[in-house]
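1. I would like the atomic coordinates for the input below:
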Amino acid sequence: MARTDEVGFAPRPVVVVEDRYQHLIKLAEALQTHAPRVRGRVTYVCLQDGPDTAAEVERWLTQRDLDLQVAVLEDSLAAGLFNKHPKQLRLLPPQVCLSPDWDSYSSSLEQLVRPGGVVLQDVELSPLEFARGRPWLSVRAAGTVQATFKARKKDPPILWFMSNKSIHFASLKDALLSVGCDLSRQFFDKKKETWSLIAAAIASHCDRFPLLWLETSRGEQRVIGVDERQDVCSELDIVVWLGGFGKCIVEGRLFDKSIELERGTSNQLAAWVHLVRARIEGRDGVPTIVFGSLRGLEDAPWRGVNQLAIDLSREGQSKSKDYNPSSRLAYKMKEALRDKNALDGGEHLYSLGDAVAVVGIVRRS
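-> Model (predicted):
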């Protein structure tokens, strides 16, 4: 299994926005100590510039304990790290800070957080021109991210805030309440709260987002969430889900309805898995002699399947293709497909046909 940092920059369940790298250091230490299971689920947005900030950003990018993604301004010193870490570092346009309104900041934030995720933002972000001296505007800017997700009929992110100053402006308190912030649970006073409590809250939220690993026949590998199921099905002809939903599922553009199958008990599940893996790995297909006898082998490496075919051949178990278990299984699988030409072969091999453009397999990360 590849590390999450090898996949490429992608929206994550937790986005932390700060203009003080020292605070992000404290949070990273707390996460490593108290919530290591959040690995691969957190993105830092660091709006501070300077050589010390750049050095710390590089340390975050090279540490494997948390597999952090980091977003920095493209005109900052830390932006020079992009060529070394293109899959973990996102460059934000200068307008995020320089614009007199919050549109650029909000649109950048929208691209970083997963639906249903959480944005943890310091209320006083001094680099933001539009919010300088008016911290309530940074809160309302985060609120527009929620509104955008709702308009797109996606689960909006939850907004949490933190500060090392008291809520001394009525305008700030009103802004926090207007975006649905529960001041007793979703506002963290950095003078009073320990970073371990913030880390625990992040870990609890991340438990809602089991990471899944998608590999496709296009050579693509990426981390996805269970909430992306509909999007994945719309882009792949056949996708086999081996994790995320209890039962295993086979579905995609070539199916009228999803097929739910039990792991370890289904010849059909193992057959779909090895057909898809053969396409992904550039192999011809699955030997006919074993195609209908793969129950429990959905996780077996290809050499195990190939050895089974050799063993069955030596035992003389090849039968007429009209009556053997493989042909009966292939008939059943074709019945579920919109295009029967999506499954080819029978005499020596079964393989996915020309009607199948792109396939994928999903496992727990």
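
2. show me where the stretch 101-250 of the chain has its helices.
-> Shown for the stretch 101-250 of the chain, the helices assigned by DSSP state H, counting those that start in this stretch span residues 103-110, 135-151, 170-178, 195-206, 229-235.

3. make JSON lines out of the ones you listed and add mean pLDDT, mean neighbour count and distance to His274.
-> In this view, the C-beta of every residue, glycine as well, is placed from N, C-alpha and C. JSON lines is the format used below for the helices of the stretch 101-250 of the chain (pLDDT from 0 to 100; neighbours: other C-beta atoms under 10 Å; distance: least, C-beta to C-beta, whole Å):
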{"stretch": "helix 103-110", "mean pLDDT": "96", "mean neighbour count": "19", "distance to His274": "40"}
{"stretch": "helix 135-151", "mean pLDDT": "95", "mean neighbour count": "19", "distance to His274": "39"}
{"stretch": "helix 170-178", "mean pLDDT": "91", "mean neighbour count": "16", "distance to His274": "53"}
{"stretch": "helix 195-206", "mean pLDDT": "94", "mean neighbour count": "18", "distance to His274": "33"}
{"stretch": "helix 229-235", "mean pLDDT": "91", "mean neighbour count": "14", "distance to His274": "20"}
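
4. distance from stretch 340-347 to the middle of the chain?
-> On the basis of C-alpha atoms, centre = their mean, to the nearest Å, stretch 340-347 sits 33 Å off its chain's mean C-alpha point.

5. list the buried ones in that stretch?
-> Judged by neighbour count (16 or more other C-beta atoms under 10 Å), stretch 340-347 contains these buried residues: 342-346.

6. now do it, average pLDDT.
-> What stretch 340-347 shows for mean pLDDT is 87.

7. please renumber so the chain begins at 167
-> New numbering, starting at 167: the last item is stretch 506-513.

8. for that stretch, measure first residue to last.
-> 17 Å (C-alpha to C-alpha, to the nearest Å).

9. and for stretch 233-246?
-> Using C-alpha to C-alpha, one end of stretch 233-246 lies 19 Å from the other.

10. ok, so of the buried residues of stretch 506-513, who is nearest Asn472?
-> Closest to Asn472 out of those is Gly511 (16.1 Å), distances taken as C-beta to C-beta.

11. residues contacting the nearest residue to the closest one once chain neighbours are set aside?
-> Of all residues not flanking Gly511 in the chain, Ser517 sits nearest, at 5.4 Å (C-beta to C-beta, 6 or more residues apart in numbering). Listed by C-beta atoms under 8 Å, 6 or more residues apart in numbering, the contact set of Ser517 reads 441, 444-445, 450-452, 509-511.

12. which of the three states applies to Ser517?
-> The assignment at Ser517 comes out as strand when based on DSSP: H, G, I helix; E, B strand; the rest coil.
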